[in-house]
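Enquirer: Build me a model:
(chains A and B)
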Amino acid sequence: MSCSSGTGVLVKLSRLFVELYKWAFVKMSMNCGVVAGSVWFFSSFDKGALGRKEQIPDSCGEKARILLQNFNVSLNQLHALASFFSESDQMTSLECTKDRAAKLSSTDHLACTLKVKCSDKQDFSMKHMWVVENAELKDQCPVQDENIPKMDVESMSFFPQSTMSSLSLEHHNGRKGISQARELRFQVKSNCENMALCLVKGCWWFLIGMIISWMISGVNLKLWKEKRLKPDLLQPVAQQRQLLLQQKQQQQAQTHPKGAGKWRKKLLIAFVLLGINFSIWLFCHLYEKNVLRREEALANMCDERARMLQDQFNVSMNHVHALAILVSTFHHGKHPSAIDQKTFGEYTERTAFERPLTSGVAYALKVPHSERARFEKQREWTIKKMESEDQTLGQDCNLEKLNPAPIQDEYAPVIFSQETVSHIVSIDMMSGKEDRENILRARASGKGVLTSPFKLLKYNHLGVVLTFAVYNADLPPDATPVQRTEATVGYLGASYDIHSLVEKLLHQLSSKQTILVNVYDTTNDSAPIKMYGTDVNDTGLLHISSLDFGDPLRKHEMHCSFKQKPPLPWTAINTSVGVLVITLLLGHIFHAAINRITKVENDYREMMELKARAEAADVAKSQFLATVSHEIRNPMNGVLGMLQMLMDTNLDANQMDCAQTAHASGKDLISIINEVLDQAKIESGRLELENVPFDLRSILDNVLSLFSGKSNEKGIELAVYVSNHIPEVVVGDPGRFRQIITNLVGNSIKFTHKGHIFVSVHVAGEVRGTLDIGDGVLQQGLNPFQDVSKKTYNTLSGFPVVDRRKSWESFKQLYGTDRMEDHERIKILVTVEDTGVGIPLEAQDRIFTPFMQADSSMSRTYGGTGIGLSISKHLVELMHGEIGFVSEPATGSTFSFTGVFGKREGSPLELKFHQYDLVISELRGLQALVVDDRRIRAEVTRYHLQRLGISVDVFTSLESTSDYLSSNRGTSVLAHLAMVLIDKDAWDKEAIHVLHQLLKEERLNSRAEVSINLPKIFLLATSISSTERNELKAAGFVDNVLAKPLRLSVLIGSFQETLGSGKKRRISRNKISTLGSLLREKRILVVDDNKVNRRVAEGALRKYGAIVSCVESGRAAIEMLKPPHNFDACFMDLQMPEMDGFEATRQIRSLEKEVNEKIASGGASADKFGNVAFWRIPILAMTADVIQATNEECMKCGMDDYVLKPFEEEQLYLAVARFFESG
Amino acid sequence: MDTVSQLQRQFVDHTTSLYREGFVDDQFTQLQKLQDENSPDFVVEVVTLFFDDCEKLINNMARALEQQQEVDFKQVDASVHQLKGSSSSIGAMRVKNVCVTFRTFCEAQNREGCLRCLQQVNREYSLLKNKLQTLFRLEQQIVAAGGTIPAVE
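Expert: Predicted coordinates:
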């Protein structure tokens, strides 16, 4: 059948859709999965959507079923009609079917064809068959057509058309349903997708927001850290350290951390609140949706049920109506009546399936009182009265017991009845109050009329009676009630079992379990009568649909509610709880983070405070040390001076010894104090290195001479060697360089009892190997070997030494390409090698720690504070160098350090050896022979001689020297030979004799003038007693003895003496004359408030030829120094009343600046200011206090240098030289 | 000849004692060295200046310290500083040393100590003045006697 096939198609389609949906959902959920990872609550949304989808095919199937049912009903109707016809075997007028056709909505065309057929006198049974078949198998229409050969073309052509149209109708209906379903589904789908999309979007936004907030907080943190780091970077400016620290503290106390913390906390709280609100909102939103959806579903279902109920009821009513018409047609329309009780009973019985809800139908005739007797007679029974007034057709009662009906205007005795209610035949329906009303209404309106519900005894259910009036004539549709009453001939009644009606209906529908249906008769608003349903507890949700059973007087309502209480909205709960949990978790995490940050901040602040305090304490300590040291120095100077004076008096040996000891101790104390002062300065960061050109070699000579006494006492060889690669003049701090060397050599001397101490200086590049190791000393120093035959080593003294390379192994910058060494800078490596006791291994790692000595016994034995090395280390670091050592107990130690110095091309230091100039020029170009069996020692000697410009040949023994001389006899070699230097170790009386002879002979052979310059013989000795010396001298072999350590001054002095240049020393006031030449004719302003000081300074400066003016206050000085002036320099006292030196200097500088700017901008001609384009007078501070006069303070206010009061020649010279040297 | 050498010996003895007793120090020697043909009376001039200065300062301080209450320690301190500077300039060691102590008392605002120091300074100053005046007298005598002033090392 078209319908079933349509249904099949529908089912197929719906299945397809289900599949489609599934796919869509899988996809969607996959999307969800991809997008939100394991955000679990999406699945719940999916589920919700899925549930809806399930509903759709459900409702679709339902619709199909209803369709099918409707169709079946029509079918049944036809069937019933057919059976009626076949039963009555009568061809009746076709109007009937025509009338009925109007009621059979879906099969009206069929009815039409039936009519046509009938009129064509077709065989009814055939037609009937055909109709049945047609109804059952519409699809097979053509085949049936063949089965009816007699059917004319017209009908044939017409018939399929109609079936086609009805089919198409079905199809149309089905399609409509499908399309509706599809629409719904699409809606749902798009709804679902929209929702998912929104959620995904929301999720993304949330994630992005979170990331951004993290990033912001991260950046914030970073920024903040940087901010905090900044002050740290500023720190190294040592003098302002404390100030800075305070500032820093304040800054920290004031700024961000607290504010930031609060801000963050507020944000967190806001975030948590937002999250909670959001989750609550989400819950409400979802719950609301849920409820709404439920309500909608309920309404849908309820309406649907109501409609169906109504439809079914109407269908039934139509049937009853049809029956009424049947009765009017066949009972009243025909004479004699075609219907009797039996026919009626059978017919109604057989068509009962059409009215499944009616328990029974009965027909009552309208009998006026006048006709009662005739009627009773005809019928052979009396009209009986109803037992009780409210009883009706459904009642089961005993006919015999009933009384005859009382006399009334008219009666409505039942004449026909269905078998089921046959007992009511002959009962007057008018006698029941309810029934009477019904009857009256029915005949007035011409429509079906319902009674109020009453109990059907038989079924024990509530039921209603439907009454139709049967008219004897065809009434016009607008007939008045009176006309209708007139035309009334009888009444047809049918009792309906509402309960089973609803039951059946609900049975047909799915989700019967979920929904609870109550049907009420609400004609009386105040007391509705329940027709169906149970008393159930209120589940909250209620939907009311009104029912129209075709009786305008009666009102019915259907109340639907869900059977179960709404399930907890898990989706909403889960989602909102999930969001809440996430929010709280995040909140907790952030809270923890914030707490942590706060804690770290607090810790940091605390630590900074502690650090500041510690640093302050450190500074205070250093300051204290410096002050105390300074204060100790003053009285110590007194002590020393007194002791010196004491020693100058006549003392006996014992007293002298005591005095000397005291003096020496005092000196030691002073040196210790100086060291402590240095240490303090270093620690407080006040130590700054000078940058002046100096001669490194002469510094080393100085150190050597300092220790020569001690080394001679101990019989240790002390030597210094400077590589040729070291320039003559380097720029750096000579004092500090000297201090380091002194420290190291002093240490070495202290711990060395035999052997040697050897200081060698190289360019760092030399040991790195970038330069050729052409340096003999280095070569041998780096390749120590043992001369097995003599059991000595190739070291200075023959004692074994440690491998000096190890001492600089740890230097980081020695080998690497370092930026320090370029055209302007040079890195110098100094090694101090000794053959002392060495440093115990366990003490080696703390050797550079201040106040730490190798061990306490060591300090008892050797004394000393142990800060020398620490200071040296600091100094080396200040020189951008490194210090290291290698030491082996019992073998010795080697200390190495590097330092970066500036190179100064060209002009060697002018004042270098003023007193020696002459001698050096005399010695230059001479030739010398050095006889030494140790190569290193010979190299050292060669180095010193070369400094004087003497070229040197080295021989290892006297014999070889003699050989050499004899082989070169008479050549220029011998002629130019000026001296022979023989080491004491190579001294051999025999050999020297030979040599002497040789030289003598040569002298005799040579010309007269050469003989005057006979090669002199010098003996090099570490320690030699005066008697020995005299002896040797007396023997005539030796012209002079050179006491080691070799140094320039010793050599020069000795050579001078021996070579007899005769020109005694020049004026010793060389230096002063230099100072004089510097200061001569210079105009100098002395500013001092102290008359005496002023006078002294004036005297001192005047002595050097300066033209001195004096003023007594800073203010006066400013007046004097207002450009233009003609002063060349200004010496300024620092402490003056009114305006101190600093302030005065500042003002002078600002004055100068003004003038300079004026000149530069052309605002004032230069001639106005004495034709000087740039004004800047050198201002030197005069002070008695070294601490106070630290450079920076002076420099800061614009001073150039400072001189100590009272003036000291050298210092004055150095300070002044800077300004006047060039001029 | 006799008087000259006697004077010279006296001069040397006196000078030596000056150094030995710490009245003057190296700076005084330096000062003497500054004296040459261009400024023959340099030392005398400076020392006189010093004495004048001293007297003035000591009077100042004495006045300031006389006050029973409200001693202006600042002013005293400034004076002491001045005195210290001058004394170190001419090499008056003992005066200078007392000044150092004096300053510490000043800084501590110890009036008693200050007064004690003032007395000490006064004593030292008088002593020095006597000694130096003797020295200058001897010098003058030597010069007057036609001798040269012996160098004292």
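Enquirer: For chain A, what lies in contact range of chain B?
Expert: Counting by C-beta under 8 Å from any C-beta of the partner chain, chain A comes close to chain B at A:634-635, A:638, A:641-642, A:645, A:649, A:1089-1093, A:1095-1097, A:1099-1100, A:1102-1103, A:1133, A:1135, A:1137, A:1184, A:1205-1207. Every C-beta, even on glycine, is put in place using the N, C-alpha and C of the backbone.
Enquirer: Which of those residues are buried? Put it as a ChimeraX command.
Expert: Selection of buried members from the residues of chain A next to chain B for ChimeraX, criterion 16 or more other C-beta atoms under 10 Å in any protein chain shown:
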select /A:638,641,642,1089,1090,1091,1092,1093,1095,1096,1097,1099,1100,1102,1103,1133,1135,1184,1205,1206,1207
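Enquirer: For the most centrally placed residue in chain B, which non-adjacent residue is spatially closest?
Expert: Centroid check for chain B by C-alpha atoms, centre = their mean gives residue B:92 as the closest residue, at 4.4 Å. Nearest residue to residue B:92 in three dimensions, chain neighbours excluded: residue B:128, at 5.5 Å (C-beta to C-beta, 6 or more residues apart in numbering or on different chains).
Enquirer: could you measure the one you found against residue B:94, distance?
Expert: According to C-beta to C-beta, to the nearest Å, residue B:128 stands 7 Å off from residue B:94.
Enquirer: Between these two, which contacts overlap?
Expert: Any residue near both residue B:128 and residue B:94 by C-beta atoms under 8 Å, 6 or more residues apart in numbering or on different chains counts here, and that gives residue B:23.
Enquirer: for chain B, where's the lowest mean pLDDT among helices and strands?
Expert: Ranking every helix and strand in chain B by mean pLDDT, DSSP states H and E puts helix B:26-34 at the bottom, with a mean of 79.
Enquirer: is that helix up against chain A anywhere?
Expert: Yes - on the criterion C-beta under 8 Å from any C-beta, helix B:26-34 is in touch with chain A at B:26-27, B:30-31, B:34.
Enquirer: Buried residues of that helix, list them for me.
Expert: B:27-32, B:34.
Enquirer: ok, of those, which one's closest to residue A:714?
Expert: Using C-beta to C-beta, residue B:29 is the member of the buried residues of helix B:26-34 that sits closest to residue A:714, with 36.2 Å.
Enquirer: quick one: that closest one and residue B:91 touch, right?
Expert: Yes - using C-beta atoms under 8 Å, residue B:29 is in contact with residue B:91, at 7.3 Å.
Enquirer: burial of residue A:948, as a residue count?
Expert: 19 (other C-beta atoms under 10 Å in any protein chain shown).
Enquirer: which stretches of chain B have low pLDDT?
Expert: B:1, B:151-153 (pLDDT under 70).
Enquirer: residue ranges of the strands in it, please?
Expert: Using DSSP state E, chain B contains no strands.
Enquirer: and it, which of its residues are near chain A?
Expert: Close to chain A, as judged by C-beta under 8 Å from any C-beta, chain B has residues B:19-20, B:22, B:25-27, B:30-31, B:34-36, B:38-39, B:42, B:45-46, B:49-50, B:52-53, B:78, B:81-82, B:84-91, B:93, B:97, B:100.
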